[in-house]
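Student: The sequence and its predicted three-dimensional model are supplied below.
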Amino acid sequence: MKILNLYACLGGNRYKWGDEHQITAVELDPDLAVLYQERFPNDKVIVTDAHQYLIDHYKEFDFIWSSPPCPTHSSFQHSMKNKRKMKYPDMKLYEEIILLDNFFEGKYVVENVISYYTPLIPPKKRNRHYYWTNFNLPNNLNERKAPSMTRTKDELNEWIKFYDYDFNKYKGSKDKRTIARNLIDYEAGKTILDTAVGIMEIKETSQTKLF
């Protein structure tokens with residue numbers, strides 16, 4: 001199966017997908033892209049804007065996962081409204097949902113944080129995340145309990161233990177704790193992909209029987 005993994009970061013969602021699929025990962029930050037490639041040497045990694053890549057190439061894939069940047073949608077943005085300059089919510093999130101829901105023929109997942117506002121398009125809520133999909137998600141994604149967000153050096157160490165990955169390898173400009181917080185737990189990523197694959201296999205079997 002051909003999979004597109006957008007805003008790939010360090011591949012938290014991808015970690016337990018195995019190597020039987022043909023995976024293309026898109027990440028804009030070159031330092032993160034290098035680390036992703038080290039973790040998943042069999043994947044094709046492209047350093048470019050994921051939003052543009054999606055509309056240019058969505059027809060080439062069977063399954064698409066997108067995790068657009070979340071800061072402008074998060075409850076943290078609202079809680080800091082009197083302490084920082086406000087920003088418009090980034091509507092690229094909804095642009096991607098609308099595109100995939102109306103034009104993509106495969107299965108898709110768009111993931112984001114729980115927003116401070118009522119979502120414009122109803123999502124499926126699981127733990128700390130919203131998911132927009134064109135297939136049913138299990139109520140339990142097997143997601144593990146993540147470390148607390150303490151904004152201290154100890155928090156980073158907790159994330160290192162949680163993901164069994166040394167985030168200090170990253171030498172770019174982004175906050176390492178933010179990178180760790182934004183990763184999808186690999187058990188949830190596996191459960192979601194397995195669900196989509198199972199549905200696609202059932203559909204393919206049913207169509208074969210018809211002929």
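Tutor: That came through fine. Numbers count the residues shown, from 1 in each chain.

Student: got a pLDDT number for the residue nearest the centre of the chain?
Tutor: Nearest to the centroid of the C-alpha atoms of the chain, with distances taken as CA atoms, centre = their mean, sits S67, at 3.5 Å. Note for S67: predicted pLDDT of 96.

Student: do G12 as well
Tutor: Model confidence at G12, given as pLDDT, is 95.

Student: Please identify the helix or strand for it.
Tutor: For G12, there is no helix or strand it lies in under DSSP states H and E.

Student: contacting residues for R144?
Tutor: Applying CB atoms under 8 Å, 6 or more residues apart in numbering, we find R144 in contact with 162, 185, 187. Placement of C-beta: from N, CA and C, glycine included.

Student: Filter these down to the buried ones.
Tutor: Using 16 or more other CB atoms under 10 Å as the burial test, the contacts of R144 include D185 as buried.

Student: closest to D90 among the contacts of R144?
Tutor: For these, the minimum distance to D90 (CB to CB) is 23.4 Å, reached by D185.

Student: Now the element after the least confident helix or strand in the chain by mean pLDDT, going C-ward?
Tutor: Among the helices and strands of the chain, helix 75-79 carries the lowest confidence by mean pLDDT, DSSP states H and E, at a mean of 65. Using DSSP H and E, the helix or strand that follows helix 75-79 in sequence is helix 92-103.

Student: Please list the residues outside that following helix that contact it.
Tutor: So helix 92-103 is contacted by 51, 54-55, 58, 64, 66, 68, 73, 108, 110, 112, 120-121, 132, 134 (CB under 8 Å, 6+ apart).

Student: Quick check: the gap between Y36 and G106.
Tutor: 22 Å (CB to CB, to the nearest Å).

Student: Compare those two and say which is more crowded by neighbours.
Tutor: More neighbours surround Y36 than the other of Y36 and G106, with 23 against 19 (other CB atoms under 10 Å).

Student: thinking the more buried one is in contact with G12, fair?
Tutor: No - using CB atoms under 8 Å, Y36 is not in contact with G12; the gap is 10.3 Å.

Student: Okay, now the unreliable bits of the chain?
Tutor: For the chain, the stretches flagged by pLDDT under 70 are 76-84, 206-211.

Student: Show me where it has its helices.
Tutor: Counting by DSSP state H, the chain has helices at residues 30-39, 50-57, 75-79, 92-103, 153-163, 176-182, 186-210.

Student: mind listing what's buried in the fourth one?
Tutor: Neighbour-count burial for helix 92-103, with 16+ other CB under 10 Å as criterion, is recorded at 92-94, 96-97, 99-100.

Student: can you redo these as JSON lines with distance to I3?
Tutor: Shown next, in JSON lines, are those (distance: CB to CB, whole Å):
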{"residue": "K92", "distance to I3": "21"}
{"residue": "L93", "distance to I3": "20"}
{"residue": "Y94", "distance to I3": "23"}
{"residue": "E96", "distance to I3": "16"}
{"residue": "I97", "distance to I3": "18"}
{"residue": "L99", "distance to I3": "17"}
{"residue": "L100", "distance to I3": "14"}
